[in-house]
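Student: Build me a structure from this.
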Amino acid sequence: MSFFVVGTDTEIGKTVVSAMICAKLADHGRPAYWKPVASGSSEGRDVEDVARLSGVEVIDETYLFRDPLSPHLAARSEERWVDPASLTQRYRELLEEAPDRGLVIEGIGGVHVPLNDDGYLWSDWMQELDLPSVVVARSTLGTINHTLMTLECLRSRGLKILGVVLNGPTNPENRSAIRDFGKVPILGQLLPLDPLEGEGLKISSKTVDLEGKLLAALR
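Tutor: The predicted structure follows:
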């Protein structure tokens, strides 16, 4: 089984939270990290960060673009095209290669980011695969609106939400508002880490998914 890790926006902490989730699940199964579409390789690759922080298997991007832009713009700048069918084919290949391996699939930007100039959205591909999601949200000002809209978007497409992971300093009021108004479990919170390194992330992972929802989804 596999699940998505998606965010309420770009630069929201999806990659670090994905690494934390992988580190947590590595003690109980065989997770692998996959970010099918990524941009901004000129500034570094998320797959390298996850490998360094979590130590789990990582899978190369199906589409990797140089400029830190929305996928449809990054692809256009390189005269390329994101074909959703090729993403689905690659997903099926990964399942066939290792049926006992669960995939932690990181999104790019927010859930409605366009993948190509036809207006095919990341959420369209999520709907095609029909996998559950973990939503990563900031803990600070503005998160309630962004998170509730993301939850509503996913539910409007009939997608299952495993829960929300908050990223940032503790804010009990924002946490309870998202939980109560969004009618969603808070799976945990990633507090700021300085330095950002694997051992600290491993320690933080012990406070996430205490009820085993992610482990059950991976299996």
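
Student: so who does K14 touch?
Tutor: By C-beta atoms under 8 Å, 6 or more residues apart in numbering, the contact set of K14 is 5-7, 106-107, 136. Bear in mind the C-beta positions are built from the backbone N, C-alpha and C, glycine included.

Student: how many other residues sit next to the nearest residue to it once chain neighbours are set aside?
Tutor: Take K14 and drop its neighbours on the chain: the residue closest to it by C-beta to C-beta, 6 or more residues apart in numbering is G7, 4.5 Å away. By other C-beta atoms under 10 Å, the residues close to G7 number 28.

Student: what's near enough to touch G7?
Tutor: 13-14, 107, 109-111, 135-137, 150.

Student: which of these lies closest to K24?
Tutor: V136 (14.2 Å; C-beta to C-beta).

Student: how far away is that closest one from G163?
Tutor: 11 Å (C-beta to C-beta, to the nearest Å).

Student: the more surrounded of those two?
Tutor: Neighbours were counted for V136 and for G163 using other C-beta under 10 Å; V136 has more, 28 against 20.

Student: Surely that one is in a strand?
Tutor: Yes - secondary structure assignment (DSSP: H, G, I helix; E, B strand; the rest coil) places V136 inside a strand.

Student: Could you measure from it over to P84?
Tutor: 23 Å.

Student: got it, and L214?
Tutor: L214 is 26 Å from P84, by C-beta to C-beta.

Student: same check, this time on I186
Tutor: Taken as C-beta to C-beta, the span from I186 to P84 is 32 Å.

Student: what's the answer for Y91, then?
Tutor: 11 Å.

Student: Show me the common contact partners of these two, please.
Tutor: Both Y91 and P84 lack any common contact, where contact means C-beta under 8 Å, 6+ apart.

Student: Do a quick rundown of the helices in the protein.
Tutor: Remark: helices assigned in the chain by DSSP state H are 14-25, 46-54, 71-77, 84-97, 122-129, 143-156, 172-182, 198-205, 213-218.

Student: just the ones you listed: most buried one?
Tutor: Highest mean neighbour count among the helices of the chain (mean count of other C-beta atoms under 10 Å): helix 14-25, with a mean of 26.

Student: pLDDT averaged over that one, what's the number?
Tutor: Summarised as a single mean, pLDDT over helix 14-25 is 95.

Student: any idea how far it is from the chain center?
Tutor: Put simply, helix 14-25 sits 9 Å off its chain's centre (C-alpha atoms, centre = their mean, to the nearest Å).

Student: can I get the helices of the chain in TSV with distance to F65?
Tutor: Listed next are the helices of the chain as TSV, based on distance: least, C-beta to C-beta, whole Å:
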stretch	distance to F65
helix 14-25	16
helix 46-54	12
helix 71-77	4
helix 84-97	14
helix 122-129	14
helix 143-156	24
helix 172-182	32
helix 198-205	27
helix 213-218	29
